[in-house]
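*Asks:* Next come a sequence and a model predicted from it.
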Amino acid sequence: MNSKLSLNITNEVSQLSKVIVGQANNFKKPNISDLYDPTSIVHLKNNTYPKKKDLIKELNFYKNALRENNVEVIELDSVKDCNQIFARDIGFVIDDFFFISNILPHRKNEIKGLESIINMIDKEKIIRLKDDIHVEGGDIIVAKDKLYIGYYDEADYKQQITARTNFNAIIFFKNFFPKKDIVPLKLKKSSIDPEKNALHLDCCFQPVGNKYAVICKDGFYNFSDYNLLVKEYGVDNVLNITSKEMSEMFCNFFSISEKIVISDFKFKKLNSWLEERKIKVVKVKLNEVGKQGGLFRCSTLPLIRLR
């Protein structure tokens, strides 16, 4: 493939042009020891874990909704016996740099799905992080000159399967982007209770539209971090969600532009709030995908937004 893909991600809301979306073609039902989030564990134990055919169907509807809104969808390379739904975990773009994530060791094979895309990008724009710098794309929120980063640094970090980004990542991005305001936001973690676990930052905070944000205060380890965000966006511009709504992925919608958002049919509170603010909501059902602890934002890896 031609290696001249010009990346551009400087925020979360401007017009989306090109995006990678995950796929379930090689999905297979896991053993409980293979799982890495409490939501998946709950559904596997309750015999409600999703089936491959349903995941493929939902993701195809999602991809079609993006295409209908003039977004080019790029598929991951197929990796045998690999759950490739959550593209956001394995890589992310900031400005015109592509960062390859350091993910959980038993998920390393997922990164092979990026090979064709990586071959389209100039080598000097591809950043491979050192082994001690842990970060996944769901913990990165880009807001022009600000970079919000969700992290966890308690003594049980290595034992917490839901802890994906460490403080070494904060130090790295402060050095890599010296002109950006790096805002660390410490998250709550639980390997057993979905309502006490913010798997990634985008499970408890996401900007939307031209001045709004959706936030769950219960996702933050320190209440001061929640207050910082509310002060940043303004009380009247914030939709507060509960810990239960956080666990149901209310906050994991996906912005096509400042005026168009993709959300689930069942998120009536969120959808009404957005529509009251003149933001169009494209409603897509991702019930089965959501049973694995991620939703719309988690399953995408944006490459180009138009400003």
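*Replies:* Received the coordinates, thanks. Numbers count the residues shown, from 1 in each chain.
*Asks:* Skipping its backbone neighbours, what lies nearest residue 234 in space?
*Replies:* Closest residue to residue 234 apart from its sequence neighbours, by Cβ to Cβ, 6 or more residues apart in numbering: residue 211 at 7.5 Å. Where you see a C-beta, it was placed from the backbone N, CA and C, and this is true even at glycine.
*Asks:* residues contacting the one you found?
*Replies:* Applying Cβ atoms under 8 Å, 6 or more residues apart in numbering, we find residue 211 in contact with 233, 234, 237.
*Asks:* Of the residues you listed - the most surrounded one?
*Replies:* Neighbour counts for the contacts of residue 211, by other Cβ atoms under 10 Å, peak at residue 233, which reaches 18 neighbours.
*Asks:* Go ahead and confirm that residue touches residue 214.
*Replies:* No - counting by Cβ atoms under 8 Å, residue 233 stays clear of residue 214, with 9.8 Å between them.
*Asks:* Common neighbours of the two, please.
*Replies:* Contacts common to residue 233 and residue 214, judged by Cβ under 8 Å, 6+ apart, are absent.
*Asks:* picking that back up, next step: the contacts of residue 211 restricted to helices.
*Replies:* Restricting those to those inside helices, with DSSP state H as the criterion, leaves residue 233.
*Asks:* Show me which of the contacts of residue 211 is closest to residue 39.
*Replies:* Residue 39 lies nearest to residue 233 out of the contacts of residue 211, by Cβ to Cβ, at 27.0 Å.
*Asks:* any idea what sits nearest the closest one, other than its immediate chain neighbours?
*Replies:* The shortest distance from residue 233 to any residue that is not its chain neighbour, by Cβ to Cβ, 6+ apart, is 4.4 Å, and that residue is residue 213.
*Asks:* And the strands in the stretch 151-300 of the chain, which stretches?
*Replies:* Listed in chain order, the strands of the stretch 151-300 of the chain (DSSP state E, counting those that start in this stretch) span 181-186, 205-208, 212-215, 238-240, 254-255, 260-263, 280-283, 300-305.
*Asks:* Output those as a markdown table; include the columns distance to residue 37, mean pLDDT and mean neighbour count.
*Replies:* Shown next, in a markdown table, are those (distance: least, Cβ to Cβ, whole Å; pLDDT from 0 to 100; neighbours: other Cβ atoms under 10 Å):
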| stretch | distance to residue 37 | mean pLDDT | mean neighbour count |
| --- | --- | --- | --- |
| strand 181-186 | 18 | 98 | 18 |
| strand 205-208 | 18 | 98 | 25 |
| strand 212-215 | 20 | 98 | 22 |
| strand 238-240 | 23 | 98 | 18 |
| strand 254-255 | 19 | 98 | 26 |
| strand 260-263 | 21 | 98 | 23 |
| strand 280-283 | 25 | 98 | 16 |
| strand 300-305 | 18 | 98 | 23 |
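*Asks:* Mind checking the ones you listed for the one nearest to residue 292?
*Replies:* Nearest of those to residue 292, taken as Cβ to Cβ: strand 300-305 at 14.7 Å.
*Asks:* Tell me the pLDDT of residue 158.
*Replies:* Among the per-residue scores, residue 158 shows a pLDDT of 89.
*Asks:* burial count for it?
*Replies:* When neighbours are counted by other Cβ under 10 Å, residue 158 registers 8.
*Asks:* Check residue 167 too.
*Replies:* 16.
*Asks:* I'd like to check which residues are in contact with residue 48.
*Replies:* With contacts defined as Cβ under 8 Å, 6+ apart, the neighbours of residue 48 are residue 291.
*Asks:* Phi first, then psi, for it.
*Replies:* When quoted as degrees, to the nearest 10, the phi and psi of residue 48 stand at phi -120, psi 20.
*Asks:* got a pLDDT number for it?
*Replies:* The predicted local confidence for residue 48 comes out at a pLDDT of 94.
*Asks:* Could you do residue 103 as well?
*Replies:* At residue 103, pLDDT is 85.
*Asks:* and it, how many neighbours?
*Replies:* When counting by other Cβ under 10 Å, one arrives at 21 neighbours for residue 103.
*Asks:* Make sure residue 52 is actually in contact with residue 27.
*Replies:* Yes - under the criterion of Cβ under 8 Å, residue 52 lies in contact with residue 27, with a separation of 4.6 Å.
*Asks:* between the two, who's got more neighbours?
*Replies:* Applying other Cβ under 10 Å to residue 52 and residue 27 shows that residue 27 carries more neighbours, namely 21 against 15.
*Asks:* For residue 142, see how far away the more buried one is.
*Replies:* Noted for residue 27: a distance of 29 Å to residue 142, by Cβ to Cβ, to the nearest Å.
*Asks:* Distance check, residue 183 against residue 102.
*Replies:* From residue 183 over to residue 102 the distance is 21 Å, taken as Cβ to Cβ.
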